[in-house]
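# fold the following for me, if possible:
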Amino acid sequence: MWQCAQILFLSLCLWGVGNDLWAQSVDLPTLHRELAALPDGPKKVRQLIRIGKHYHYYEAMTDSSLYYCEAAIDLGAQLKDFKGQGLALSIVGQVLHTTGNITGGKQYLLRSLAIAQVHPLDDLLPKLYNDLGMSYFRLGMPDSSLYYLGKAEEIFLKVDKNYLLWKTYHLFHKLYLDQKEYEKAMLYGEKAFEIVMAHNNRVDQGYCIFQLAYAYFLIGDIENYTDKVEQWYYFKGAMEDKVEEDARHLAFGFLDGEPEQVIKKLEQAALYGLAKDNLMLAGMQFQNLGHYLTTIDNYADAVPAFINAHNCIAASGMRWKTLTVKKQLYETYQALGQKDSALIWLERYTLSKDSLQSIAKAKDFAELEIKYETEKKDLVIGQRTRERNFLLIGSTILIGFAVWIIMLLRYRLRTNRRLAQQTAEIQAQQLQRIEQEQQILTYNAMIEGQESERHRIAKDLHDTVGGMMSAVKAHFSVLFKKQAQPDEAIYHKTQDLIDEACEEVRRISHNMIPRALELSGLEATLQDLTQSLRLAGVAVTLECRDLDPQLHSHQSAMIYRILQELLNNITRHAQATEVFIQLLQRDEAIYLQVEDNGKGFDSTALRSDGMGLSSVKSRVDFLRGELHVDSAPGQGTSISIRIPVQSLTKPVQS
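From the prediction side, this is the model:
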């Protein structure tokens, strides 16, 4: 039972809930009213955490505490309030730990640690390392405990004057004490004690004194043990406002082990107090010895121990502290069945108690009389002060109201001015967007008209002029055969001229709109297009991958025309010997990459209307694509084009 209480106290101290636990509590209805008035946001997450902690520490309602903390976790995740989410996870871990579910609590602490490490939450991180160190200590995993405590110490040492470092040192103390490495344990225990005593937190100070006394008692260091016990009673103070203190001295009721060993150590502690002429310390140790003997039903030996305690404490001059010893002697004689002796000590206990209560009442009456006179004087002074304060407060309110009106008017003026400016900017942006859209529509109409005209002229050349040239060649052959003495040289030269004219008509028609595009598709047409470069001695590599065969002929012609213009630029300007062309379809878009090893140019000073790029850019814009040019003098040129598939699968309306 005592070990459970000790564990709970350890958890409360090391988790730093003292500020929340010992401070005055806000009533629960107020907390819920404040929660209902808050919109979803970080403040609501913090309020949910506050209510969850209240249910745990003030109402002892674990289920309600976990409910509100889980709600804080969910809302924090929804709002991406990682600090609130991490804090709520750590609180759930602490609640589960203090209720005995150490493994479950550890899982929540690890989740909180993951959030704190990623975002990061520097103020929460060392506390989580501390909590995990204690969890693994309680789970019997000292290596993991040492690892997390080392991480906490590393962070705390980087922060000057960090008070929370004492908790890390104290956990090291407990861990090494459990492993019987007493030298390290006491080193860290004294470090924690030194930090705590340098600050004014009496809860932490009393706890550290208690733990050190316990540790020195366990390792048999009676001198240091009695020194800490003396510090403890000095720390507790005289407590003159109490008639009776706890008879069991629960703060040092932790003694365990074999009875003979415990009795021997308590006797040594009492004798040490006598040797140091510290009767109060010796009396307290005799009282602890008597109490311990009653816990093992050794009432006969408990009587002389309590009598020694009574005599030492009375001789020390603090007779009011003998009340608990008198009561213990009465209870011990009762247990032994010695009613006469029990009655004697009961009478002594009653008389002493009544005497001390009378003294206390007289003291209280004197204090009340002084207080009445003081309050009477304060009443007159207070009346005058209230009148003066009333005037001051009234003037302050009027001035504040006037300032508020002025600030409100200024705010409205600034708001109206800002709204007018924003409206003007939005209108300017809309006008610019309309102009850009109109310009794009104009370009689109021009490009589409050019393509339609090219298609018509190419068809006329192929179907009409091409047919006529073929007929001329046939008629010329018939006329030549009818000549009596034909001139072979003139015949062949004329035939060659007619063939060249037919080939030129076919070439012009093919350049304007290749026939192969309709018959064989885009990929085969591009192979024909690159053939002219190969004939000129340029090594051309063409890769076409995953192209949709359902591309509209109009858009296929646009892609063909873009590549044709780029290859013309290479032929005219680049002086390249190698050209790489890649055309592929990926992720709802078509990508065209054209690279050459030519002389290149300064792409940073590139003009969109130069080197044939104007028509290329217009066509890319027509297809709602993107154009990127990368080049430098002497390093060749790389052109990347991305065209959305949606603009290719449907004809673009201008």
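
# now residue 63: how far from residue 70?
Residue 63 sits 11 Å away from residue 70, going by Cβ to Cβ, to the nearest Å. Where C-beta positions appear, they are placed from N, C-alpha and C, glycine not excepted.

# which SSE is immediately downstream of the helix or strand containing residue 415?
Remark: residue 415 resides in helix 339-460, with elements defined by DSSP states H and E. Note on helix 339-460: by DSSP H and E, the next helix or strand toward the C-terminus is helix 466-482.

# by contact count, what packs against that following helix?
Packing partners of helix 466-482 (3 or more Cβ pairs under 8 Å, 6 or more residues apart in numbering; DSSP states H and E): helix 488-512.

# not counting sequence-adjacent ones, nearest residue to residue 138?
residue 102 (5.1 Å; Cβ to Cβ, 6 or more residues apart in numbering).

# that neighbour: what's it in contact with?
Contacts for residue 102 (Cβ atoms under 8 Å, 6 or more residues apart in numbering) come out as 96, 135, 138, 139.

# which element is the first one on?
Pointing back at residue 96 there. Counting by DSSP H and E, the element that carries residue 96 is helix 82-98.

# what average pLDDT does that helix get?
For helix 82-98, mean pLDDT rounds to 91.

# rewinding a little: highest neighbour count among the contacts of residue 102?
residue 135 (25 neighbours; other Cβ atoms under 10 Å).

# in contact with that residue, which residues?
93, 97, 102, 105, 106, 109, 145.

# give me that answer again for 6 Å
The contact partners of residue 135, taken as Cβ atoms under 6 Å, 6 or more residues apart in numbering, are 102, 106.

# next helix or strand past the helix or strand of the chain with the lowest mean pLDDT?
When the helices and strands of the chain are scored by mean pLDDT, DSSP states H and E, helix 18-21 comes last with a mean of 40. Next helix or strand after helix 18-21 toward the C-terminus (DSSP H and E): helix 28-36.

# can I get that following helix in CSV? Just the C-alpha atoms.
What follows is helix 28-36, C-alpha atoms only, in CSV (Å, rounded to 0.1, in the frame of the first residue of the first chain):
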residue,chain,number,x,y,z
LEU,A,28,-16.1,22.8,-13.2
PRO,A,29,-19.3,24.6,-14.4
THR,A,30,-17.1,27.7,-15.1
LEU,A,31,-14.7,25.6,-17.2
HIS,A,32,-17.6,24.1,-19.2
ARG,A,33,-19.2,27.5,-19.8
GLU,A,34,-15.9,28.8,-21.1
LEU,A,35,-15.6,25.8,-23.3
ALA,A,36,-19.1,26.3,-24.8
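
# quick one on the thing from earlier: what comes up buried for the helix holding residue 96?
For helix 82-98, a neighbour-count test (16 or more other Cβ atoms under 10 Å) marks 82-98 as buried.

# what of stretch 145-162?
Buried residues in stretch 145-162, counting neighbours by 16+ other Cβ under 10 Å, are found at 145, 146, 148, 149, 151, 152, 153, 155, 156.

# relative to residue 127, which of those residues is nearest.
residue 152 (7.8 Å; Cβ to Cβ).

# so which elements touch the helix or strand containing the closest one?
In the assignment (DSSP H and E), residue 152 maps to helix 142-158. Helix 142-158 sits against helix 125-138, helix 165-178, with contacts defined as 3 or more Cβ pairs under 6 Å, 6 or more residues apart in numbering; DSSP states H and E.

# for the helix holding residue 96, the distance to its chain's centre please.
Its chain's C-alpha centre and that of helix 82-98 lie 13 Å apart, by Cα atoms, centre = their mean, to the nearest Å.

# residues in contact with that helix?
In contact with helix 82-98 (Cβ under 6 Å, 6+ apart) are residues 11, 15, 42, 45, 49, 56, 65, 69, 72-73, 76-77, 104-105, 108-109, 111-112, 115-116, 119, 121, 124.

# point out where the stretch 201-350 of the chain drops to low pLDDT.
Low-confidence regions of the stretch 201-350 of the chain, defined here as pLDDT under 70, cover residues 233-257, 317-321.

# tell me which residues are up against stretch 569-588.
With Cβ under 6 Å, 6+ apart, stretch 569-588 has contacts from 538-547, 591-599, 611-612, 645.

# got the buried residues for that stretch?
569, 570, 573, 574, 576, 579, 580, 581, 583, 585.

# picking that back up, quick one: closest of the helices and strands packed on helix 142-158 to residue 419.
Residue 419 lies closest to helix 125-138 among the helices and strands packed on helix 142-158, at 44.2 Å (Cβ to Cβ).

# now that closest one: average pLDDT?
The pLDDT scores in helix 125-138 average 90.
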